[in-house]
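J.: Fold the following for me, if possible:
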Amino acid sequence: MKYQDLYQRKLVSVEEALENIKSNDEVVTALAMCEPATLLSSLHTIKDRVENVSIVNAMMQYKYDFYMKPEMKGHFILNSWFYTEGPRAAHELGTVSYVPMQLHQFSKKRMAFRTPRIFMGCVSPMDKHGYFSLSLSTVIEKDFIENADVVIMEVNPRLPRTCGDTNVHITDIDYLVESERELPEYPSAILTEKDHIIGEYAAELIEDGSTIQIGFGSIPGAIATACATRKIWVCIQRCLPILY
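T.: Residues are numbered from 1 along each chain as shown. Take a look at the predicted model:
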């Protein structure tokens, strides 16, 4: 099989990809850096033909019209299990709902409640063997790709290939949308005097040789800074809170 030919047959426009979404659908998206921003940016354009579409996401990176505008209520509901700035601001509009969930149980628990009809995510470009890489988010993605009825992936050359159990074959994908969007970036936190004081107190509780895991933001940054200045021998694993 010539995988490039298959690639071309599955390649569609954003508008064509979104035609797959129907009223009452459950749509699960990839997380964080692999959020399908090109597709989600246009999701609001199908408002007039859909109702009660559930978008399941965590760590939403951008403020999309489909949940930030009050007129979207009843058409879309963002079921988020980790609030960022956008979902937190839109909660009062009735377009966002918080769904508490343990990360390592999320796939199992959510699919026990409702199996997604559609999964949308991002991948790095295909190799000669027909494989894409899930790149920067390999948390829940494979579970939902294997169980969704329709899989739609954005192909973004800005996403790096990553090693491990990250490969998805083109035969497991129904539709491809090409995108060259820049990846989201987290600016370094600006530490205040209060942050430094808290960081120093926390660092005093850490023993030499310890391994600690921290998230991002001013307080974790202050703790890391305090550990460095006090010459504490620690290994700091810096990761997103959703990976805890």
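
J.: Which residues are in contact with Val53?
T.: For Val53, the contact set (C-beta atoms under 8 Å, 6 or more residues apart in numbering) comprises Ile21, Lys22, Ser23, Asn24, Asp25, Val27, His75, Phe76, Ile77. For the C-beta atoms, the positions are set from N, CA and C on the backbone; glycine is no exception.

J.: can you give me the strands for this structure?
T.: 26-29, 53-57, 76-80, 96-98, 118-123, 131-133, 150-155, 167-169, 175-178, 211-214, 235-238 (DSSP state E).

J.: Could you look over these and pick the most buried one?
T.: The highest mean neighbour count among those, using mean count of other C-beta atoms under 10 Å, belongs to strand 118-123: a mean of 27.

J.: Summarise which helices and strands that strand is packed against.
T.: strand 26-29, helix 141-147, strand 150-155 (3 or more C-beta pairs under 8 Å, 6 or more residues apart in numbering; DSSP states H and E).

J.: So in that sheet, which strands flank the first one, and in what orientation?
T.: Right, the one you point to is strand 26-29. strand 53-57 (parallel), strand 118-123 (parallel) (DSSP bridges).

J.: Got the confidence number for the residue nearest the centre of the chain?
T.: Nearest to the mean C-alpha position of the chain, counting by C-alpha atoms, centre = their mean, stands Leu31 at 1.3 Å. pLDDT, Leu31: 93.

J.: which non-adjacent residue is nearest it?
T.: Excluding its sequence neighbours, the residue lying closest to Leu31 (C-beta to C-beta, 6 or more residues apart in numbering) is Ser137, at 4.6 Å.

J.: And Thr38, by the same measure?
T.: Nearest residue to Thr38, sequence neighbours excluded (C-beta to C-beta, 6+ apart): Ser179, at 4.1 Å.

J.: still on that earlier bit, next, format the strands paired with strand 26-29 as CSV and append distance to Arg88 and mean pLDDT.
T.: Putting those into CSV (distance: least, C-beta to C-beta, whole Å; pLDDT from 0 to 100) gives the following:
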stretch, distance to Arg88, mean pLDDT
strand 53-57, 13, 97
strand 118-123, 22, 98
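
J.: Pipe those strands into TSV and attach distance to Glu92 per row.
T.: Compiled in TSV, these are given as follows (distance: least, C-beta to C-beta, whole Å):
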stretch	distance to Glu92
strand 53-57	18
strand 118-123	26
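
J.: Among those, which comes closest to Leu93?
T.: Nearest to Leu93, of all these, is strand 53-57, at 14.2 Å by C-beta to C-beta.

J.: that older thread, so which of the strands of the chain gets nearest Lys109?
T.: Closest of these to Lys109 is strand 53-57, at 11.6 Å (criterion: C-beta to C-beta).

J.: what's the angle from the closest one to strand 76-80?
T.: Relative orientation of strand 53-57 versus strand 76-80 (axes from the mean of the first three to the mean of the last three C-alpha atoms, to 10 degrees): 20 degrees.

J.: can you tell me how far Tyr186 sits from Gln61?
T.: Distance, Tyr186 to Gln61, by C-beta to C-beta, to the nearest Å: 10 Å.

J.: Tell me which of these two has more neighbours.
T.: The residue with more neighbours, out of Tyr186 and Gln61, is Gln61; 20 against 11, by other C-beta atoms under 10 Å.

J.: quick one on the thing from earlier: out of the contacts of Val53, which one sits closest to Ile145?
T.: Val27 (13.1 Å).

J.: Give me the pLDDT value at the closest one.
T.: Looking at Val27, its pLDDT reads 98.

J.: wait, isn't it in contact with Val56?
T.: Yes: the pair Val27 / Val56 is scored as a contact, 6.9 Å apart, by C-beta atoms under 8 Å.
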